[in-house]
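Q: could you work out the structure for the sequence below:
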Amino acid sequence: MASESNAPSAAALGYAPRVQRTGATGALFGLGRFARRKPLGFAGLVFLAVIGFGAVFAPLLTSYGYADTDFTARLNGPSAAHYFGTDNLGRDLFSRVLYGARVSLGISFAAVLLAKVIATTVALFTGYYGGWIDKVGQRFVDLAIALPRLIILITLIGLMGPSVSTMIILVGLTNAPSSVRLIRSAVVSVREEPYIEAARALGATDRRIILQHLLPNIFHIVMFSATVTLGAVILIVASLGFLGYGVPPPQPDLGAMLSGTGLTYMRQNPWMAVWPGTVITLVVFAFNVLGDALRDVLDPRLRGSR
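A: Numbering: from 1, shown residues only. Next up is the predicted model:
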């Protein structure tokens, strides 16, 4: 008979207890695991972090203001003095791209937050109660989705006047209906789960069921929808700026930088349109791949299989 000292350890058999990591160590460990499992999504996250850092700390990263002009340095290409070159008024393009990204990302984040709060509230209410409430709510959603969003935005912004707050409210309100269907389908699926029936049998109120059982189990859908919607909203904000309905000048806007002087001086200095167009493209792509990765990581039904 083998003695206890010769018996294989739990670690040798693969049954070593898992170390629980909390705080900053746990966050770094989770980020590293996310990078290994979803490298493309992690690359998108890193790129968005870099762009976000540049947008937030733009005054510290450039020596020029977005409205500073230098007529002796008009239409210059990239150089050590001006990393992205200059525009037709001698303004530093690197500075204008950073400040433009701050405006576009700020409006987009605020608009998507507003849209998801509205969409989640409507989806939880109509999806949980069902019946005529759900039917009436979904007909209004269908009507809102059928309307041409960009045309409505141009009309309303033209009437109210372009400003940051106006764009946040209008873009958020017009993007909320497109998310209601997706979130509602998740609510309808979760409300039929046995633990929801058990909560009802134990006397839980509707509010408790919605907030403590439904919402946590559809949160991954909301997060996935938000990241993907951010890419689409950035395109909408850029389109409004391109058409002249963005934030008023001299505040830079990535979409506005593509139109007007960006098109007029395309042959003399193509960098005026290349840099803002590249940033918009990469930001939209990064949000899309990050959204796909977050959906796989946050979905409780997929978490155990990865």
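Q: which stretches of the stretch 51-200 of the chain form helices?
A: 58-61, 93-129, 131-146, 149-160, 164-190, 194-201 (DSSP state H, counting those that start in this stretch).
Q: quick one: average pLDDT of the third one?
A: So the one you mean is helix 131-146. Average pLDDT, helix 131-146: 84.
Q: can you get me a residue count around the nearest residue to residue 195 once chain neighbours are set aside?
A: Nearest residue to residue 195 in three dimensions, chain neighbours excluded: residue 213, at 6.6 Å (Cβ to Cβ, 6 or more residues apart in numbering). For every residue, glycine as well, the C-beta is placed using N, CA and C. Residue 213: 19 surrounding residues under other Cβ atoms under 10 Å.
Q: what sits against residue 210?
A: If a contact means Cβ atoms under 8 Å, 6 or more residues apart in numbering, then residue 210 has 124, 128 as its contacts.
Q: that one and residue 140, how far apart?
A: Residue 210 sits at a distance of 20 Å from residue 140 (criterion: Cβ to Cβ, to the nearest Å).
Q: again with residue 46
A: Distance from residue 46 to residue 140, by Cβ to Cβ: 40 Å.
Q: next: residue 55.
A: 36 Å.
Q: ok, residue 81 next?
A: Distance, residue 81 to residue 140, by Cβ to Cβ: 55 Å.
Q: wouldn't residue 244 be in contact with residue 256 here?
A: Yes: applying Cβ atoms under 8 Å as the test, residue 244 and residue 256 come out as touching, 7.3 Å apart.
Q: between the two, which one's more packed in?
A: A direct count of neighbours by other Cβ under 10 Å for residue 244 and residue 256 places residue 256 higher, at 25 against 17.
Q: I figured that one hits residue 246, correct?
A: Yes: contact criterion Cβ under 8 Å: residue 256 and residue 246 qualify, at 5.3 Å.
Q: okay, residue 173: pLDDT?
A: Residue 173 is given a pLDDT of 90.
Q: ok, now how distant is it from residue 289?
A: Per Cβ to Cβ, residue 173 is found 28 Å from residue 289.
Q: please pull out the lowest mean pLDDT helix or strand from the chain.
A: Least confident helix or strand of the chain, by mean pLDDT, DSSP states H and E, is helix 300-303 with a mean of 52.
Q: quick check: which ranges of the chain have low pLDDT?
A: 1-30, 261-262, 298-306 (pLDDT under 70).
Q: burial count for residue 134?
A: With other Cβ under 10 Å as criterion, residue 134 counts 18.
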